[in-house]
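In: Would you be able to build a 3D model of this:
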Amino acid sequence: MDYNKFHNQVVDSPSSYLNVQEQWPEITRYVYSNIDKKEKILELGSGGGFFVNWLYKNGYKNTIASDISTTALKIINNKFPYIKQELINAEDIKSHSTFDLVIGLDIIEHLPDTVKHLSSVYNILNDNGKYIIKTPNKLLENIYYKGILLRSDKQKIHPWWTAHVSLFSLKKLCFSLRSAGFKKINILRQRELSEAQIKKIKLISPKFLSNIFIAIAKVIIRMLPLRLSVCFIVVAEK
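Out: Next up, the predicted model:
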């Protein structure tokens, strides 16, 4: 895929990840409680730079934003010029630096070679370094895109579906992390729906029922088995 071409096509869309600003309370709570503000942090696939800006604004100054897209980095530079940036291919990271924490939010599902990606992340982490990874649940993603959105799409080219080339079950994700060398794996339970998830419910629900479905989802998300989570949030330690 020509990522720069893809980003240029969707950058003006309100739903583009370059423009979407979401807070992930499960991740921010973990960072606050477990990550020293002096630690060196790299975010992969920073997109519009909103999460890396949250890190910087909350005292994590030793943080680098990265993306494979020059379009994304220009957006970050324009919005948050005080944040360090680096052009990095997350699938095959070539970095002379090492980090205490690497963050990859909704990035691994876009990478064809996830083995190379996880090996690259492992190699740039310091001893006891951590990788925070968030990625969609393969089961629910298949139901949403294949079972619902693509059913009425004759060309089968919904951009987000075609971009998600590597989806995981929780079991496969944990196995892949251990195979890459990670010794400790901590799974964080998602306790709140994100704005993007709420929009998805509204998109596929009759208008008069969407608020009811959202209210139900907000309750059951806290009770689902982890393997049925809407997305997986995992902290892997070297």
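In: low-scoring stretches of the chain, by residue?
Out: Counting by pLDDT under 70, the chain has low-confidence residues at 1-22, 145-162.
In: so where do the helices sit in it?
Out: 3-10, 25-34, 50-57, 70-79, 114-124, 138-142, 159-163, 170-179, 195-204, 207-220 (DSSP state H).
In: In JSON lines: these, plus mean neighbour count.
Out: C-beta coordinates here come from the backbone N, C-alpha and C atoms, glycine included. Shown next, in JSON lines, are these (neighbours: other C-beta atoms under 10 Å):
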{"stretch": "helix 3-10", "mean neighbour count": "14"}
{"stretch": "helix 25-34", "mean neighbour count": "14"}
{"stretch": "helix 50-57", "mean neighbour count": "20"}
{"stretch": "helix 70-79", "mean neighbour count": "17"}
{"stretch": "helix 114-124", "mean neighbour count": "19"}
{"stretch": "helix 138-142", "mean neighbour count": "17"}
{"stretch": "helix 159-163", "mean neighbour count": "15"}
{"stretch": "helix 170-179", "mean neighbour count": "16"}
{"stretch": "helix 195-204", "mean neighbour count": "15"}
{"stretch": "helix 207-220", "mean neighbour count": "11"}
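In: got the ones you listed as a markdown table, with distance to Leu42 columns?
Out: Formatted as a markdown table, the helices of the chain follow (distance: least, C-beta to C-beta, whole Å):
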| stretch | distance to Leu42 |
| --- | --- |
| helix 3-10 | 19 |
| helix 25-34 | 13 |
| helix 50-57 | 9 |
| helix 70-79 | 14 |
| helix 114-124 | 7 |
| helix 138-142 | 26 |
| helix 159-163 | 22 |
| helix 170-179 | 17 |
| helix 195-204 | 23 |
| helix 207-220 | 33 |
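In: and of those helices, who's closest to Ile233?
Out: helix 25-34 (5.5 Å; C-beta to C-beta).
In: helices or strands next to the closest one in the packing?
Out: On a contact count with 3 or more C-beta pairs under 8 Å, 6 or more residues apart in numbering; DSSP states H and E, helix 25-34 meets strand 99-105, strand 125-136, strand 184-188, strand 231-237.
In: Could you tell me how far the residue lying closest to Thr114 once chain neighbours are set aside is located from Leu188?
Out: Excluding the flanking residues, the one nearest Thr114 by C-beta to C-beta, 6 or more residues apart in numbering is Ser166, at 4.9 Å. Distance of Ser166 to Leu188, given as C-beta to C-beta, to the nearest Å: 21 Å.
In: Return the residue of this protein that is most distant from the centre.
Out: Phe208 (30.9 Å; C-alpha atoms, centre = their mean).
In: In contact with Ile198, which residues?
Out: Ile214 (C-beta atoms under 8 Å, 6 or more residues apart in numbering).
In: roughly how far out does stretch 181-194 sit from the chain middle?
Out: 12 Å (C-alpha atoms, centre = their mean, to the nearest Å).
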